[in-house]
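Student: coordinates for the following, if possible.
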Amino acid sequence: MSDLRGQAAAAREAALCMQAVSTSEKNDALLRAAALLRERTDEILAANLIDLSSAREKGMSPAFIERLTLTEKRIEGMASGLVDVASLPDPVGEMLEKWTRPNGLAIEKVRVPIGVIAIIYESRPNVTVDAAALCLKSGNAVILRGGSDAIKSNGALCGILQEAARRAGLPEGCVSLVTDTSHEAASELMRLNGLVDVLIPRGGRGLIRSVVENATVPVIETGAGVCHVYADRDCDPEMGVTIAVSAKISRPSVCNSAETLLVDSAIAETFLPRCLAALKAKGVEIRGCERTKQICPWVGDATDEDWDTEYNDLIYSVKVVDGVDEAIAHINRHGTRHSEAIITENPKTARRFMSLVDAACVYWNASTRFTDGGEFGFGAEIGISNQKLHARGPMGLRELTTIKYKITGSGQIR
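Tutor: Numbers count the residues shown, from 1 in each chain. Predicted coordinates:
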């Protein structure tokens with residue numbers, strides 16, 4: 001048996017035991033983990049510094065470095081997230097439906113844990129804590145497989161999570177980290193049928209495509225984010241500029257950051273100079289269509305490839321469209337079914353956009369950056385699902401459960 005298969009087998013045993021763990025025990029583990037994160041901030045930052053030094057030596061991009069970086073503030077955010085998850089209602093055991101058949105059978109439909117959840121993710125250490133917190137609170141065992149560039153940070157964080165779980169009396173193996181970051185180990189994890197119940201990839205398009213195409217275990221596909229902001233002819237110009245700018249610059253390296261700005265031709269002459277100047281002042285590189293360049297000649301060229309690119313950087317592609325229907329068509333052709341926004345004061349136009357755009361989250365007069373488990377009140381999220389089966393949008397505790405039917409009889413036979 002390989003080391004990874006043995007690790008998964010231990011997680012399977014832990015998952016069976018987790019079904020009997022009480023809510024108070026799970027919350028105790030999360031609160032202990034939060035306290036340990038705060039106590040060992042210096043230890044975590046030291047581990048992260050090793051990862052950062054290595055990444056800089058390899059010439060990784062500023063956006064990559066930003067995602068990899070931990071600070072005291074981000075560690076405190078992770079600790080607060082653990083406390084938030086502990087305060088949420090436990091979905092396990094929730095009664096969804098109950099009815100009695102004519103033959104007297106009493107049927108209950110209840111929430112139960114999925115079992116063993118494996119997460120493959122890239123170099124964003126906060127995922128280690130968020131994923132573990134949600135899996136533990138929902139009664140699952142979790143196998144974490146982060147990127148090689150964050151192995152020291154992930155190791156420090158996972159060690160704290162494991163210690164907290166032990167102190168709270170949770171079963172050994174309920175949280176584990178794959179320390180072999182080779183492609184071979186990732187491929188093996190994708191094929192551990194019978195041990196892994198579901199695999200969730202969290203990262204860029206390349207990672208997600210690789211998992212979806214190669215995994216034999218069930219996969220929940222999380223979304224790469226080619227997200228759009230559409231400034232309609234009836235938008236409030238000040239609101240439109242504010243949202244278009246913030247949706248890009250507030251944190252460009254994350255999946256809910258806007259990548260393309262669409263502007264109705266009816267307002268393009270006045271809206272674009274103001275909005276693009278504000279973006280330029282924030283250091284954003286603008287790549288525009290021909291109509292955009294006619295209005296703002298200083299912008300760069302947008303190629304066909306730009307409309308399908310998740311930059312994760314201070315780059316915006318900009319296109320002038322003739323009304324809401326062209327905006328909808330562009331989004332449905334080039335978007336990743338993640339998060340889309342319309343800025344308009346016209347309710348009829350907004351309703352049309354929100355009904356016809358194919359995305360997990362559609363916003364009216366708000367930034368795409370709100371697609372987030374914490375912002376939705378879930379405490380945290382394990383990813384943003386842009387598929388349509390089982391889960392869609394930010395995946396919180398309930399999305400990490402399945403259902404069980406419990407049937408009580410009095411001797412009935414068939």
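Student: which ones are touching residue 217?
Tutor: Contacts here follow C-beta atoms under 8 Å, 6 or more residues apart in numbering; on that basis residue 217 touches 118, 190, 191, 192, 193, 196, 197, 198, 199. No exception for glycine: its C-beta is placed from N, CA and C like everyone else's.
Student: what are the buried residues along stretch 214-228?
Tutor: 215, 217, 219, 220, 221, 222, 223, 224, 225, 226, 227, 228 (16 or more other C-beta atoms under 10 Å).
Student: list the contacts for the third one?
Tutor: Spelled out, that is residue 219. With C-beta under 8 Å, 6+ apart, residue 219 has these contacts: 198, 199, 200, 201, 211, 212.
Student: now it, which residues is it bridged with?
Tutor: residue 199 (DSSP bridges).
Student: secondary structure element holding residue 161?
Tutor: Assigned by DSSP states H and E, residue 161 belongs to helix 151-167.
Student: for that helix, buried residues please.
Tutor: Applying 16+ other C-beta under 10 Å to helix 151-167 flags 151-165 as buried.
Student: and of those residues, the nearest to residue 38?
Tutor: Nearest to residue 38 among these is residue 160, at 10.2 Å by C-beta to C-beta.
Student: check whether the closest one really touches residue 33, as I assumed.
Tutor: Yes: the criterion here is C-beta atoms under 8 Å, and residue 160 meets it with residue 33 at 6.1 Å.
Student: phi first, then psi, for residue 5.
Tutor: Residue 5 has phi and psi values of phi -60, psi -40 when expressed as degrees, to the nearest 10.
Student: pull the number of nearby residues for it.
Tutor: Residues contacting residue 5 under the criterion other C-beta atoms under 10 Å number 13.
Student: need the per-residue pLDDT for it.
Tutor: Residue 5 is assigned 95 on the pLDDT scale.
Student: so who does it touch?
Tutor: Residue 5 neighbours (C-beta under 8 Å, 6+ apart): 188, 192, 195.
Student: in JSON lines: these, plus neighbour count.
Tutor: Formatted as JSON lines, these follow (neighbours: other C-beta atoms under 10 Å):
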{"residue": "188", "neighbour count": "17"}
{"residue": "192", "neighbour count": "24"}
{"residue": "195", "neighbour count": "22"}
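Student: can you list those residues in TSV and add distance to residue 2?
Tutor: Shown next, in TSV, are those (distance: C-beta to C-beta, whole Å):
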residue	distance to residue 2
188	7
192	10
195	11
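Student: which one of these sits closest to residue 313?
Tutor: Checking these against residue 313 with C-beta to C-beta, the nearest one is residue 188 at 32.8 Å.
Student: gap between the closest one and residue 5?
Tutor: 7 Å (C-beta to C-beta, to the nearest Å).
Student: domains for this protein, by residue range?
Tutor: Domain assignment for the chain by automatic domain parsing gives 3-222+395-408, 227-370.
Student: how far is the first one from where the chain is centred?
Tutor: Looking back up the chat, that one is domain 3-222+395-408. 12 Å (C-alpha atoms, centre = their mean, to the nearest Å).
Student: re earlier: please pick the buried ones from the contacts of residue 219.
Tutor: Looking at these with 16+ other C-beta under 10 Å, the buried ones turn out to be 198, 199, 200, 201, 211.
Student: rewinding a little: what's the most distant pair in the contacts of residue 219?
Tutor: 198 and 212 (12.8 Å).
Student: can you read off the pLDDT for the residue nearest to residue 174 when sequence neighbours are not counted?
Tutor: Closest residue to residue 174 apart from its sequence neighbours, by C-beta to C-beta, 6 or more residues apart in numbering: residue 14 at 4.2 Å. You'll see residue 14 listed with a pLDDT of 98.
Student: quick one, helices of the stretch 101-250 of the chain?
Tutor: 126-137, 151-167, 183-189, 205-214, 237-249 (DSSP state H, counting those that start in this stretch).
Student: out of those, which gets nearest to residue 313?
Tutor: Comparing these by C-beta to C-beta, helix 237-249 comes nearest, at 9.6 Å.
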